[in-house]
Structure formats: structure tokens, C-alpha cells
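Participant: starting from these lines, generate the structure:
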Amino acid sequence: MFGRVSAKRLTEQKTNINIEKVGLQFNGDVELKNIYIEDLENKALIINGHTVHMIDAKNPEDVDYTSYGINNALLIDNTGAFRDKEALSRHLKAKGISKVLLTAPGSGVPNIVHGVNQGLFDPKEVDIFSAASCTTNAIVPILKVINDNLGIERGHVETVHAYTNDQNLVDNMHSKYRRGRAAAMNMVITETGAGKAVEKCIPGLGPKLTSNAIRVPVPDGSLAILNLTVEKDTSLEAVNALIRNAALQGDLVEQINYSLNNELVSADIVGNPHPSIFDSAATIVHTDARNIVLYVWYDNEYGYSRQVMRLAKEISEVRLVSYY
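Facilitator: Numbers count the residues shown, from 1 in each chain. Below you'll find the predicted structure:
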């Protein structure tokens, strides 16, 4: 939004901006306050009356958040620069920060899919958390329901994923060969760590799963295909009933959206707050009653962001009880 702004001081007064005019969609008011390109200390946005400081530092431990009135805060790191406990701990050295939440799979820290395993870690005892990945948040709630009720013997997870910023927009060099091909022009086979990530959320299940991914030319809206062999005989109706019940009652009502729409496509799920949108019309159960194929849609941006916020509230111990 500010890439087109000149290096001169924009204004000394608060200025109302209609964000839709600069190409973004936001149903609210945004003001610029004391914006100086050369004066980082006074940069701020006023969003619906809330002040959002734009804080700049070369090192995370150098920031004094208390000087902005921020104390005992949870810092959400979505930079991608820090992925393990040692690096993320640098945030805790900054004044005003007491907890850290990583919006990516993390090493050496609890990986949490809210609704499934957040209760295993006490925020009073743990300071650094990971919200895992968007794909992990999509598949783990469904896998938990199936594993708890039917038992999973083995399976394969294939994700059909919107292209991401680690791919090239035009053919070019890339450390991972296929990701170097133009993202908006190709379907690209690549790997995903979602299968291994399941183990961190549902211990014992990870080694039973393989996984892979196909990046496709859509900017948002993804699909996970779960091909599972279960330990108990089942039927299409029984499988759908298990997921429907989990979507309507219990610990996963915020995570699972049960869809009856037989015309559902990726554009339809963009903006859905659930990380797992179960496509009941697409469920397949083999005649052997043990092999099942499940289709789980997810908005890999917004649906995941809502999961991050649910976990953030849990860690901050400001979680409000919702009644359905």
C-alpha cells in the first residue's frame, strides 16, 4: 500500500484513507498518523480507532515495546525468518514480550492445531508455540475424528495447494527444481511436511502416513485429499455421519465445516473461517469397507489466520466460551 508513497513527509495531520481506492478490501477506517519515511519512531496506522505502530529494528531483541505502551504481550511471528526455539527466543529478550507464537511449523516448540492438542501445553509453563501450517490445520481435525472412531492403519495425504510466494512467477532458478517453474502457469508437484507434522499433533499417527503436494495456478483456496485405510469396516454414510457429528458438537465445531454442496469449488471456500471444510458429496468408500477417500477444502490464508487467532487467545488466556 505504501510502495507508491513518495519519500517526503505525507502529512502532519491525521488523514482518512479509503483502502478500496488503493486496491485493498477492508470494511473499516484507516488513518495515517505522523508518517515519515525517514522517521520510523512515529509511524503508525489507526485502524478502526486502534493504534497499530509500525516498529522497525535490525534485531528482535533490540525493540523496547514498553515504550509504545505494550507490556506482557504475545508476539505473533509470521516473518518466516525464525523457525526454531533458539531463534524465536530472541523475541523474549525484548522488553514487553512474554509469549511468542510462530505462524509456521516450528522446531523444538509445541506445534498446535487449535481444537485438537492445545490442552496438552500450559501457557503458564510454555513461552513459545507454533500454529503449525495451514495444511496441518486442515487435515488434523478430520484425521483425529477418523482415527478416534475407526482407527487409521495407513494412508496418503495429497494436497492440491494454491501457489505461494516461495515459487517463481516466471521460469527461473530455484533450490527446489519444480518450484522454479512459473507458478501461475503450471501445476507443480512438490513435497509437503504435513504428513510428518501430524505426528506432532496426533502422536503415533505420523509414521502411518505419506504425503505430497501439487501447487496449482489459483491464488487462494486449497484442497487436501485423504486416502486412508481404516481398521474397522465402515460405509459412506457412516463416515459422513462421524464428520457431521464432529462439526456440530464437541471440541471441533470451530474447526470443521460440514458441506452438503455438491457444486463446491475452490472459490466458494475463500473467506470460510473453518480450517477444514469437509466435502461430504465427494466422500468415497471402497467396497471392501476399509479404504476411504476424503476431500477437505481450506482457505489457506483466512481459515488458517482464524486458527492462529484462536490459539493466540488460548495462549493469552483470554479465550471466550462460545455456545452453539
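Participant: what is the mean pLDDT for stretch 27-45?
Facilitator: Per-residue pLDDT over stretch 27-45 has a mean of 62.
Participant: and that stretch, how far apart are its ends?
Facilitator: 15 Å (CA to CA, to the nearest Å).
Participant: repeat that for stretch 219-233.
Facilitator: Calculated as CA to CA, the first-to-last residue distance of stretch 219-233 is 39 Å.
Participant: what residues does residue 284 make contact with?
Facilitator: Residue 284 makes contacts with 236, 292, 293, as judged by CB atoms under 8 Å, 6 or more residues apart in numbering. C-beta: built from backbone N, CA, C; applies to glycine.
Participant: so what touches whatever helix or strand the second one lives in?
Facilitator: With elements delineated by DSSP states H and E, residue 292 resides in strand 291-298, which encompasses its position. The contact list for strand 291-298, computed with CB under 8 Å, 6+ apart, reads 134-135, 137-139, 142, 146, 221-230, 234, 239, 243, 259, 264, 266, 269, 272, 274-279, 282-286, 304.
Participant: hmm, residue 224 and residue 155 touching each other?
Facilitator: No - the criterion here is CB atoms under 8 Å, and residue 155 misses it with residue 224 at 11.4 Å.
Participant: next structured bit after the strand holding residue 292?
Facilitator: Where DSSP H and E defines the elements, the next helix or strand beyond strand 291-298 is helix 302-316.
Participant: show me the contact partners of that following helix.
Facilitator: Residues contacting helix 302-316 (CB under 8 Å, 6+ apart): 74, 76, 99, 101, 103, 112-115, 118, 123, 129, 131, 133-134, 137-138, 220, 254-255, 269-275, 277, 298, 319-320.
Participant: now, which of those residues lie within strands?
Facilitator: Here DSSP state E is the test, and those give 74, 76, 99, 101, 129, 277, 298 as lying in strands.
Participant: relative to residue 164, which of those is nearest.
Facilitator: Checking those against residue 164 by CB to CB gives residue 298 as the nearest, at 13.6 Å.
Participant: go through this protein and flag its longest strand.
Facilitator: The chain, longest strand under DSSP E: strand 152-162.
Participant: buried sites along that strand?
Facilitator: By neighbour count with 16 or more other CB atoms under 10 Å, strand 152-162 contains the buried residues 152, 155, 157, 158, 159, 160, 161, 162.
Participant: what angle do that strand and strand 291-298 make?
Facilitator: Angle, strand 152-162 to strand 291-298, by axes from the mean of the first three to the mean of the last three CA atoms, to 10 degrees: 30 degrees.
Participant: show me what strand 152-162 pairs with in its sheet, parallel or antiparallel.
Facilitator: Counting by DSSP bridges, the strands paired with strand 152-162 are strand 209-216 (parallel), strand 222-230 (antiparallel).
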